[in-house]
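1. Starting from these lines, generate the structure:
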Amino acid sequence: MSGFSGLKRVLATGAAAVVLGTVLTPVPASALVLDCDTFRHNNDPDVGIAFCVNRTDRAMKFRAVVVCGRAPDVNGHWVTLRPGRSGQSQGECAWFSSGVGAIGVDERTV
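-> Residues are numbered from 1 along each chain as shown. From the prediction side, this is the model:
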C-alpha cells in the first residue's frame, strides 16, 4: 500500500504544480495606447525624452521612464494629453551616470 500512497502523493504534487502554474502565470502587459517615440537628447547623453501623440478618444497621461547607467533610474514629469494632442516628458540622469541606457513610457488613463 505504501507504493500507492507514494503514487498518490506524486500525482497530487504534480496536479498542484499544474494548478499553481496556471494560476500564477503572469499576464503580459498591454500594448501602449499612445503613439510614442523615445530618444536620447542629441547634445546631452544624460537626458532621455518620450514624445507621445494621443490618438484615442479619451484623455491620457504619460511620463518618460529613463534607465540610467551606473546611477538610479529617473522618471519625467507626468504630461496629460487630450485627444488629438501631443507632448513630451523627459528625465535627466545624475551627473555621475554613464548616460541614458534605455527609455520607456509609463501611461495611464485620466
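2. Only C-alpha atoms from now on, for both contacts and neighbour counts.
-> Noted.
3. Please work out how many residues are found near Phe96.
-> For Phe96, the neighbour count with other Cα atoms under 10 Å is 11.
4. And Val105, by the same measure?
-> 22.
5. Isn't it up against Phe51?
-> No: at 9.2 Å, Val105 does not count as touching Phe51 under the criterion of Cα atoms under 8 Å.
6. anything in contact with each of these two?
-> Cys36 (Cα atoms under 8 Å, 6 or more residues apart in numbering).
7. For this protein, which segments count as helices?
-> Assigned helices in the chain, in chain order: 2-23 (criterion: DSSP state H).
8. Quick check: which ranges of it have low pLDDT?
-> Counting by pLDDT under 70, the chain has low-confidence residues at 1-31.
9. The same query, at a cut-off of 50, please.
-> Confidence mapping of the chain against pLDDT under 50 gives the ranges 15-25, 27-29.
10. Ser98: how many residues sit nearby?
-> Ser98 has 14 neighbours, counted by other Cα under 10 Å.
11. Now do the strands in this structure.
-> The residue ranges that make up the strands of the chain, judged by DSSP state E, are 35-40, 47-53, 60-68, 74-75, 79-81, 86-92, 100-109.
12. Determine the angle, from 0 to 180 degrees, between the second one and strand 86-92.
-> Per axes from the mean of the first three to the mean of the last three Cα atoms, to 10 degrees, the angle that strand 47-53 makes with strand 86-92 is 160 degrees.
13. for strand 47-53, packing partners?
-> In terms of contacts (3 or more Cα pairs under 8 Å, 6 or more residues apart in numbering; DSSP states H and E), strand 47-53 is packed against strand 35-40, strand 60-68, strand 86-92, strand 100-109.
14. Using a markdown table, lay out those together with distance to Trp78.
-> Formatted as a markdown table, the entries for the helices and strands packed on strand 47-53 read as follows, by distance: least, Cα to Cα, whole Å:
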| stretch | distance to Trp78 |
| --- | --- |
| strand 35-40 | 14 |
| strand 60-68 | 5 |
| strand 86-92 | 7 |
| strand 100-109 | 9 |
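15. and among the ones you listed, the most buried is which?
-> strand 60-68 (a mean of 24; mean count of other Cα atoms under 10 Å).
16. From the contact counts, what lies against it?
-> In terms of contacts (3+ Cα pairs under 8 Å, 6+ apart), strand 60-68 is packed against strand 47-53, strand 74-75, strand 79-81, strand 86-92, strand 100-109.
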